[in-house]
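> Below: sequence and its predicted model.
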Amino acid sequence: MVEDIATGRDTAADESARVPETAAPIPAGARSRPLPLAAALAASAAALAACGGGGGGGGGAGFAAVAESPPATVQAGSLSALASTPTAQTYVYTQAKTDEEAARFLLQSQFSASEADIAAVRSKGYLPWLGEQVDRPAEQGGRDWILGKAANTVNADDMIWNQLMTAPDGFRKRMALVFSEIFVVSRNDIGSSWPDLMMAQYWDMLVAGVTTNFRKLLEDVTLNPAMGYYLNTRGNQKENAQGRQPDENYAREVMQLMTIGLYQLNGDGSVKTGGDGTPLDTYSLDDVTNLARVFTGYDLDIRASDVDTSAWTARPMALTAARHSVLEARFLGASVPAGTEGKAALKIALDTLFNHPNVGPFIGKQLIQRLVTSNPSPAYVKRVSDVFADNGAGVRGDMKSVFAAVLLDNEARSPAGLSDPGFGRLREPMLRFTQWGRTFGAGSTSGNWKIGDLSRPNDQLGQSPLRSPSVFNFFRPGYVPPSTSIAAARMVAPEFQLVNETSVGGYLNFMQNSVLPKSTGRDVNAAYARELALVLDPAALVQRLNLLLTANQLSAATQALIAGALANPAVSVNSTDAVKLNRVYAAVLLVMASPSYLIQK
């Protein structure tokens, strides 16, 4: 893990030199500089990049110009309180007026956009549609899916691909995947007799957290067996006379990565500084040392009465009082008095973290980055942070309202983002592959979703869900590609930490093999039924893919280039199925390799 046991140093944090995760203020005029997003991926689609790859949307009203528009009068189930907040009362874009607006919203809110989804969003409006998603009954979880299979036939990789590719509640699963990149537990570093069930239960917990409160989610994460293994809270013991000290790993990471971050923040996510301009730390080494005492005494809840030897994987860790430190603990201005019982001490600690003013902007900005844009304006972060503080009914940390605030914000919905070179984000490879599967009706021949670990960058995606290489996720929220105009503009591009010459080629080769006809030994394949119906009309085929995959963000020039490439060889009604399918495969691959697809706006 990140803890250097010999020195007690957080080596990964040292390597990052504690650079603020919040980008510095953007200089005047910097937004007008074209960012090298397409150029960075030119090796993957040189011909497409040459034609510009510009977005298909128009300019529209700027964000500031729409702030005074009248509020929308909508009710949306358990999201109804949100409509009464000052933030919601400035929402302008409450209804999708076109299919492309609906598709754009869907591609931020879930993994894919179908014609049925587009029609539903257009008829219901954004907030009512979201209300239905958060109120729908729970679907089968990953743990139950594994337990429903014959012993030793599926694993955690099969489980998560099944969940991402097939689950009807795409909104919940998409938001849970965001959580998995903040509250990181990696299948790479879970050592137990039941690692797959542990990871499945951890995933199910994150899914449930999408529609619950952040405070509950924080406690669930803290006591989860998978997290116990990953960040050493399982079996963590109090100090003793021989010099043993509580392990500090979780105490450090729960602050640094999961709640408050390294530096004190204003409500808009900007970093607070001292008189000399130096960022103000949120916590000290003493805070870590004291907080670590709270997380002692917990271990797996294995009971002698269990008939099922894996039953403990579904339970929170249990407290053994004799192993819990009862020394006084002072951290972040709070105090746990000496002699405090373990569960009471945990409550004080988690309440302190939950109520820290950093949590709203720190978590809110990361949600925006994962779903909408890498460089949200401070005002956007502030509006989301305000909803975290109060969902409209006086509730702090209502995550369903926070996710809705991220997706409904004027900055997310305005067409201005489509023509702003500083707006948007690079689609993560695992999201591209999931979108492919859901869009084109992928199915598993065995029913077991044998896709596997896709972490290799040279011939796979270079990313696989629930397999982060470290507790710091696949990429850092403040990552800046070096020696680029992104860096010159003092912006960030987190997902570009995954991009290099090897990973670009690996993605293309992997997708080329994935979209091709069923090959020997491959379990998961797409149907392409609707695409085959348009195979004789290359322009119509590209138009369909443009809407469903990019929300019509391919430029006219890019569409024409792809359609022209598809025209040769010719395909007629008398062509073989193989020839027809080859045109579909080529169309899908060319769109999914284009810069305007890879950069989501």
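Here it is on my side, so go on. Residues are numbered from 1 along each chain as shown.
> which SSE is Trp436 in?
helix 429-439 (DSSP states H and E).
> most centrally placed residue in the protein?
With distances taken as C-alpha atoms, centre = their mean, the residue of the chain nearest its centroid is Val178 (2.4 Å).
> Just give the strands next to the helix or strand following the helix holding Trp436 in its sheet, each with its orientation.
Sequence order places strand 443-444 as the next helix or strand after helix 429-439, per DSSP H and E. Each strand paired with strand 443-444, and its direction, by DSSP bridges: strand 524-525 (antiparallel).
> Can you identify the element that follows the partner strand toward the C-terminus?
Next in sequence after strand 524-525, counting helices and strands by DSSP H and E, comes helix 529-532.
> Give me the buried stretch members for the helix or strand that that following helix is followed by, please.
Counting by DSSP H and E, the element after helix 529-532 in chain order, helix or strand, is helix 538-550. Judged by neighbour count (16 or more other C-beta atoms under 10 Å), helix 538-550 contains these buried residues: Pro538, Leu541, Val542, Gln543, Arg544, Leu545, Asn546, Leu547, Leu548, Leu549, Thr550. C-beta coordinates here come from the backbone N, C-alpha and C atoms, glycine included.
> Between the residues you listed, which sits nearest Val402?
Set against Val402, the nearest of these by C-beta to C-beta is Thr550 (26.7 Å).
> how close does the closest one get to Phe440?
15 Å (C-beta to C-beta, to the nearest Å).
> what do you get for Met227?
35 Å.
> the more surrounded of those two?
Neighbours were counted for Met227 and for Phe440 using other C-beta atoms under 10 Å; Met227 has more, 26 against 21.
> which stretch of helix or strand covers the more buried one?
Going by DSSP H and E, Met227 is part of helix 225-230.
> And that helix, what does it pack against?
Under the contact definition 3 or more C-beta pairs under 8 Å, 6 or more residues apart in numbering; DSSP states H and E, helix 225-230 sits against helix 195-209.
> contacting residues around the helix it packs on?
Helix 195-209 has contacts (C-beta atoms under 8 Å, 6 or more residues apart in numbering) with 138, 141-143, 145-147, 154-156, 159-160, 163, 172-173, 176, 179-180, 183, 185, 187, 190, 192, 216-217, 220-221, 224-227, 229, 310, 313-314, 399, 466.
> Which helix or strand lies directly C-terminal to that helix?
helix 214-223.
> Averaged pLDDT, that next one. What do you get?
Computed over helix 214-223, the mean pLDDT rounds to 98.
> do the same with stretch 364-384
For stretch 364-384, the per-residue pLDDT averages 98.
> helices and strands of this protein: which one bottoms out on pLDDT?
strand 3-4 (a mean of 30; mean pLDDT, DSSP states H and E).
> Other residues contacting the helix holding Met227?
Applying C-beta under 8 Å, 6+ apart, the set of residues contacting helix 225-230 is 1, 183-186, 189-192, 198-199, 201-202, 221, 233-235, 250, 298-300, 312-313, 315-317, 471.
> And stretch 489-502, what's buried?
Ala489, Met491, Val492, Ala493, Pro494, Glu495, Phe496, Gln497, Leu498, Val499.
> and the two most separated of these?
Every pair of the buried residues of stretch 489-502 checked by C-beta to C-beta; the farthest is Ala489 and Leu498, at 20.5 Å.
> one step back: restrict the helix holding Met227 to CA atoms and write it as CSV.
Extracted C-alpha coordinates of helix 225-230, given in CSV (Å, rounded to 0.1, in the frame of the first residue of the first chain):
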residue,chain,number,x,y,z
PRO,A,225,-13.9,-6.0,5.2
ALA,A,226,-12.5,-5.2,1.8
MET,A,227,-11.3,-1.8,3.0
GLY,A,228,-10.1,-3.5,6.2
TYR,A,229,-7.8,-5.7,4.1
TYR,A,230,-6.8,-2.9,1.7
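> Just say helix, strand or coil for the closest residue to Leu332 other than its chain neighbours.
With C-beta to C-beta, 6 or more residues apart in numbering as the criterion, Leu332 has its nearest non-adjacent residue at 5.4 Å, and that residue is Thr352. Here Thr352 is recorded as helix under DSSP: H, G, I helix; E, B strand; the rest coil.
> dump the residue contacts of Ala251.
Counting by C-beta under 8 Å, 6+ apart, the residues that Ala251 touches are Val288, Thr289, Leu291, Ala292, Val294, Phe295.
> Format these as TSV; extra columns: pLDDT.
Below are the contacts of Ala251 laid out as TSV (pLDDT from 0 to 100):
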residue	pLDDT
Val288	98
Thr289	98
Leu291	98
Ala292	98
Val294	98
Phe295	98
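> Let's see which of those end up in helices.
Among the contacts of Ala251, DSSP state H puts Val288, Thr289, Leu291, Ala292, Val294 in helices.
> and which of those is nearest Gly77?
Val294 (36.6 Å).
> gap between that closest one and Phe362?
Applying C-beta to C-beta, the value for Val294 to Phe362 is 20 Å.
> can I assume Asp398 is in contact with Asn391?
Yes: Asp398 lies in contact with Asn391 (C-beta atoms under 8 Å); the separation is 3.9 Å.
> shared neighbours of those two, which are they?
Counting by C-beta under 8 Å, 6+ apart, the residues touching both Asp398 and Asn391 are Ala81.
> any chance you could map the strands in this protein?
3-4, 9-10, 298-299, 318-319, 329-331, 334-336, 425-426, 443-444, 524-525, 599-600 (DSSP state E).
> which of these sits most buried?
strand 599-600 (a mean of 24; mean count of other C-beta atoms under 10 Å).
> That strand pairs with which strands?
Strand 599-600 has the following strand partners under DSSP bridges: strand 425-426 (antiparallel).
> can you put the buried residues of stretch 489-502 in a markdown table and add pLDDT and distance to Ile599?
Listed next are the buried residues of stretch 489-502 as a markdown table, based on pLDDT from 0 to 100; distance: C-beta to C-beta, whole Å:
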| residue | pLDDT | distance to Ile599 |
| --- | --- | --- |
| Ala489 | 95 | 15 |
| Met491 | 97 | 13 |
| Val492 | 97 | 14 |
| Ala493 | 97 | 10 |
| Pro494 | 98 | 13 |
| Glu495 | 98 | 10 |
| Phe496 | 97 | 10 |
| Gln497 | 97 | 15 |
| Leu498 | 97 | 14 |
| Val499 | 96 | 12 |
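> out of these, which are inside helices?
Going by DSSP H, the helices hold none of the buried residues of stretch 489-502.
> export these to TSV and tack on distance to Arg122?
As requested, the buried residues of stretch 489-502 are exported to TSV (distance: C-beta to C-beta, whole Å):
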residue	distance to Arg122
Ala489	36
Met491	33
Val492	33
Ala493	32
Pro494	31
Glu495	29
Phe496	33
Gln497	36
Leu498	34
Val499	35
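> Just give me the closest of those to Trp449.
Leu498 (23.1 Å).
> what sits against the closest one?
So Leu498 contacts Glu428, Pro429, Pro457, Gly462, Gln463, Phe474, Phe475 (C-beta under 8 Å, 6+ apart).
> If we ignore the residues flanking it in sequence, what's nearest the third one?
Spelled out, that is Pro457. Ser503 (4.0 Å).
> how close does the closest residue to Ala226 other than its chain neighbours get to Asp158?
Spatial nearest neighbour of Ala226, chain neighbours left out: Tyr202 (4.0 Å); criterion: C-beta to C-beta, 6+ apart. Separation of Tyr202 from Asp158 (C-beta to C-beta): 15 Å.
> neighbour-wise, which of these two wins?
Tyr202 (28 against 25).
> Next, find the distance separating the more buried one from Pro376.
Counting by C-beta to C-beta, the gap from Tyr202 to Pro376 is 28 Å.
> One more: Tyr507?
Tyr507 is 26 Å from Pro376, by C-beta to C-beta.
> Same question for Leu164.
Per C-beta to C-beta, Leu164 is found 25 Å from Pro376.
> same question, Leu431
As judged by C-beta to C-beta, Leu431 and Pro376 stand 19 Å apart.
> quick one on the thing from earlier: emit the PyMOL select command for whichever of the contacts of helix 225-230 are buried.
Selection of the buried residues among the contacts of helix 225-230 in PyMOL, burial being defined by 16+ other C-beta under 10 Å:
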select buried, resi 1+183+184+185+186+189+190+192+198+199+201+202+221+233+234+235+250+298+299+300+312+313+315+316+317+471
